[in-house]
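# Sequence and predicted model, in that order:
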Amino acid sequence: MIVLVINAGSSSIKYQLYQMKSETVLARGRVERIGMDSAIVTHEAEGKPEFREVCEILDHTSALKRITDILVHPEYGSLSHISEIEAVGHRVVHGGESFPESVVVTTEVKQEIRKLFDLAPLHNPAHLMGILAVEAILPDVMQAVVFDTAFHQTMPKTSYLYAIPNILYKRHKIRRYGFHGTSHMYVSHQAAALLGRPLESLKLVTCHIGNGVSCTAVLNGKSYDTSMGMTPLEGLMMGTRSGDLDPAIVSYTMAKEELSINEVNSMLNKHSGLYAVSGGLADMREIVEAMNDGDKNAKLAFDMYAYRLRKYIGAYAAAMNGLDAVVFTAGVGENSPQLREAVCEGLTFLGLRLDRERNRSPERGERRITEDGSPVEALVIPTNEELVIARDTYRLALNRGKGS
Ligand SMILES: Nc1ncnc2c1ncn2[C@@H]1O[C@H](COP(=O)(O)OP(=O)(O)O)[C@@H](O)[C@H]1O
Ligand SMILES: CC(=O)OP(=O)(O)O
Ligand SMILES: [Mg+2]
């Protein structure tokens, strides 16, 4: 069975085309910097030349159209016709409490995803656009959704409740959900394999550092605590999101600046984080470049970002009463040795001894970046949310009696 996986992030769509019987990736690619002045499209397929273009792509729907065109392109594509795709699996960021596991898309599922728009304003709208765009291009294909929130359903009440009146949880399900769960789950399994130890015996802090950023305390293979909360706004500093702040700032800013609820939400989600502190740069590559050119605001943004990561790692080591390894993953975590160094620098007290050369090596793939014998390890593990989504989609398609 051929399965197409769509991972629509806030600023990118990544996709992979799988032959599931052998779990082979037939093609993969990404559209990055969606909605910015120039988007970057990259695509590679087994036995075909690589494809790359820089063009203007304003929204997720146009991005998906570009992807399906490339998949059937005579020179770069892997399919003769788009109908060869038998199932499509989507990443969906917010599943609330309705979806503890992956499901097949139905009218009700789409309604639920829509109901959660307010709780994941940068993501759920993009996911639904993706689902609708696939419906338009492949009306008969089975679609499944795999939720970022599912892995964190194991968090204890002490982690997921807010210290506010309980009626708000009862009435409105106001609690912490956590996100990037598919990624945190995948890298924890890979970390255990790399360390050669059972996951059930490990205390890990997994750091998913992409455009969105979250850390998870993974205790004995389960999510014990995570930095994102009811929405993907809580926790660490991100590309355009503030992360943690004093909640009183919201009403105070609304009063002082005469802002509406939407305006203040937009400020915290789209105009804060690296972007706000650096004075307009949300992309870590640009931050590092500006910082190396002596830009003081970019340096401050970078330092705050790294400092906050270090604080969370320390807090989670305390939460688990110990730490075996810190795992770095996603766009920044996998590709920025400077950031990893800045985070690890202050963790020697925990027994994490970074090996600078290993950290800076251009090697890709899963690897240790600590010195031999370091009591706490640091690992780089490229995430593979797509593989987890493909497997769940395949399982759901087989359950419905579709091909093999
Ligand atoms: N070589 C690199 N050095 C530093 N940052 C990088 C590098 N490559 C990618 N990134 C950063 O990764 C981030 C995007 O990560 P990604 O996981 O793809 O995000 P998302 O899925 O949230 O869209 C961007 O901030 C980008 O600058
Ligand atoms: C939940 C979230 O922040 O996702 P992303 O990192 O893809 O923006
Ligand atoms: Mg992502």
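Received it, and whenever you're ready, just let me know what you need. Ligands and ions are numbered 1, 2, ... in the order given.
# And the residue of the stretch 151-300 of the chain found nearest ligand 2, how far from Gly181?
Residue of the stretch 151-300 of the chain nearest ligand 2, by Cβ to the nearest ligand atom: Gly212 (2.1 Å). Bear in mind the C-beta positions are built from the backbone N, C-alpha and C, glycine included. Gly212 sits 12 Å away from Gly181, taking Cβ to Cβ, to the nearest Å as the criterion.
# ditto for Val205
Using Cβ to Cβ, Val205 is found at 15 Å from Gly181.
# what about Lys157, neighbour count?
As a burial measure, Lys157 scores 8 neighbours (other Cβ atoms under 10 Å).
# Now do it, the pLDDT please.
As summarised for this prediction, Lys157 has a pLDDT of 97.
# again, but for the one 3 residues further on
What the model reports as pLDDT for Tyr160 is 98.
# Could you list the domains of the protein?
Domains of the chain are assigned by automatic domain parsing as 2-147, 198-385.
# Of all the ones you listed, which one is nearest ligand 1?
domain 198-385 (2.0 Å).
# ends of the closest one, how far apart?
By Cα to Cα, to the nearest Å, the extent of domain 198-385 from end to end equals 21 Å.
# same question, stretch 214-232
Stretch 214-232 has an end-to-end distance of 8 Å (criterion: Cα to Cα).
# Check which residues of that stretch are buried.
For stretch 214-232, burial by neighbour count (16 or more other Cβ atoms under 10 Å) applies to 214-219, 221-232.
# quick one on the thing from earlier: count the neighbours of the residue of the stretch 151-300 of the chain closest to ligand 2 for me.
Gly212 - counted by other Cβ under 10 Å - has 27 other residues nearby.
# Can you name the residues that contact it?
Gly212 makes contact with 9-10, 122, 179-180, 228, 232, 238-239, 241, according to Cβ atoms under 8 Å, 6 or more residues apart in numbering.
# Distance of Pro232 relative to Leu161?
From Pro232 to Leu161 the distance is 18 Å (Cβ to Cβ).
# next one: Val326
26 Å.
# What of Val141?
Distance from Val141 to Leu161, counting by Cβ to Cβ: 40 Å.
# Those two: who's more crowded?
Taking other Cβ under 10 Å, Val141 and Leu161 do not tie; Val141 has more neighbours (18 against 14).
# Where does the prediction get shaky in the stretch 1-150 of the chain?
10 (pLDDT under 70).
# Which residue would be the closest one in it to ligand 2?
For the stretch 1-150 of the chain, Cβ to the nearest ligand atom, closest residue to ligand 2: Gly9, 3.2 Å.
# Now that residue. Nearest residue, chain neighbours left out?
Asn211 (6.0 Å; Cβ to Cβ, 6 or more residues apart in numbering).
# Could you say which helix or strand holds the one you found?
In this structure, Asn211 sits in neither a helix nor a strand according to DSSP states H and E.
# Go ahead and confirm it touches Tyr275.
No. The pair Asn211 and Tyr275 fails to qualify as a contact (Cβ atoms under 8 Å) at a distance of 10.6 Å.
# Those two: who's more crowded?
Taking other Cβ under 10 Å, Asn211 and Tyr275 do not tie; Asn211 has more neighbours (22 against 19).
# what separates the more buried one from ligand 3, distance-wise?
6 Å (Cβ to the ion, to the nearest Å).
# mind pulling up the phi and psi values for that residue?
Main-chain torsions, Asn211, degrees, to the nearest 10: phi -70, psi -50.
# how about it, what does it touch?
By Cβ under 8 Å, 6+ apart, the contact list for Asn211 reads 9-12, 238-240, 282, 331.
# Within range of ligand 2, give me the residues from the stretch 201-350 of the chain.
Within reach of ligand 2 by Cβ under 6 Å from any ligand atom, the stretch 201-350 of the chain has these residues: 210-212, 232.
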